[in-house]
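In: Take this sequence and fold it.
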Amino acid sequence: MQSHKINIVIVDDHPIVIEGLKMMLKNQSFFNISESFTSASEIIQYVKSNIVDIILLDITLPDANGIELCKDIKKISPDTSVIMFSNRSERSIIMQCIQNGASGYLLKNTSIEELIECIKGALSGNIVFCNETKQIISKPSQNELSLPRLTKREKQILKLVAQGKTSSVIAEELFLSPLTVDTHRKNLLQKFQAKNSTELITIALQQNMIEE
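Out: Residues are numbered from 1 along each chain as shown. Sure thing, here's the model as predicted:
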């Protein structure tokens, strides 16, 4: 653990949840609850001018969706670890939060021991989940029952598309023509029944089909 106190900010639209978290964490000498907010606009302004190590972020806020807010926070403060703290237990939501830069996903029935361990894990650069969240994401979704079969070339292109590379750049890297790459991209969209590249990447991530 770091020698200095860890600055934690809590963002939740229910003051009682904020107070409960403060009570749970107050006895941890290396944690400092530096602020708490009930809206997205407040936390956005705060991270623009303050160093925050950890943000415990709810999904349901009065002026924003926490899933998108997570992405906005990471753009402003890339070094801040955002841990989602929610009652929402849908696998698709959990995966979308991670895709948007969250360092973890905890349900609100998480124990204090799990919460502390997850905060420590996120500070070490890990993606963290409470035990119940681990069980949720380990279960295959209905779409996974019929995963599309990809050729070796399609897997290569899918990985590069996920990295945000254009068809021309992919063509240069793989020594292919841009037309060939575009054909593979269209085939990938069809196989995943995706409307665009963003949806393609989201589905592929959910199905663990993008290789490291």
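In: What lies in contact with the biggest helix by length in the chain?
Out: Using DSSP state H, we find that the single longest helix of the chain is helix 178-192. Residues from elsewhere that reach helix 178-192 (C-beta atoms under 8 Å, 6 or more residues apart in numbering): 148-150, 153-154, 157-158, 161, 167-168, 170-171, 174, 194-197, 199-200, 203-204. Placement of C-beta: from N, CA and C, glycine included.
In: Among these, name the buried ones.
Out: 148, 150, 154, 157-158, 161, 167, 170-171, 194, 200, 203-204 (16 or more other C-beta atoms under 10 Å).
In: that older thread, so which of the contacts of helix 178-192 are in helices?
Out: 153-154, 157-158, 161, 167-168, 170-171, 174, 197, 199-200, 203-204.
In: Pick out whichever of these sits closest to N109.
Out: I203 (28.9 Å; C-beta to C-beta).
In: which residue sits closest to that closest one, ignoring its sequence neighbours?
Out: In space, and not counting its chain neighbours, I203 is closest to F192: 4.9 Å by C-beta to C-beta, 6 or more residues apart in numbering.
In: what's V82 in contact with, if anything?
Out: 54-55, 57, 70, 73-74, 101-103.
In: I should have written N7 there, sorry.
Out: By C-beta under 8 Å, 6+ apart, the neighbours of N7 are 32, 34, 50-54.
In: coming back round to it: in the longest helix of the chain, what's buried?
Out: In helix 178-192, counting by 16+ other C-beta under 10 Å, buried: 181, 184-185, 187-188, 191-192.
In: Closest one to N126 out of those residues, please.
Out: Looking across the buried residues of helix 178-192 and measuring by C-beta to C-beta, the closest to N126 is F192, at 28.5 Å.
In: what about the strands in this protein?
Out: 6-11, 31-37, 54-57, 60-61, 64-65, 81-86, 104-107, 128-129 (DSSP state E).
In: Return the list of strands paired to the fifth one, each annotated with direction.
Out: Read it as strand 64-65. strand 60-61 (antiparallel) (DSSP bridges).
In: same deal with the first one?
Out: For strand 6-11, the pairing partners within the sheet under DSSP bridges are strand 31-37 (parallel), strand 54-57 (parallel).
In: pLDDT averaged over the longest one - what is it?
Out: Strand 31-37 comes out with an average pLDDT of 95.
In: swap in stretch 121-134?
Out: 92.
In: From one end of it to the other, what's the distance?
Out: End-to-end span of stretch 121-134 (C-alpha to C-alpha, to the nearest Å): 15 Å.
In: which residue is nearest the centroid of this protein?
Out: The C-alpha lying nearest the average C-alpha coordinate of the chain belongs to I98 (C-alpha atoms, centre = their mean; 1.7 Å).
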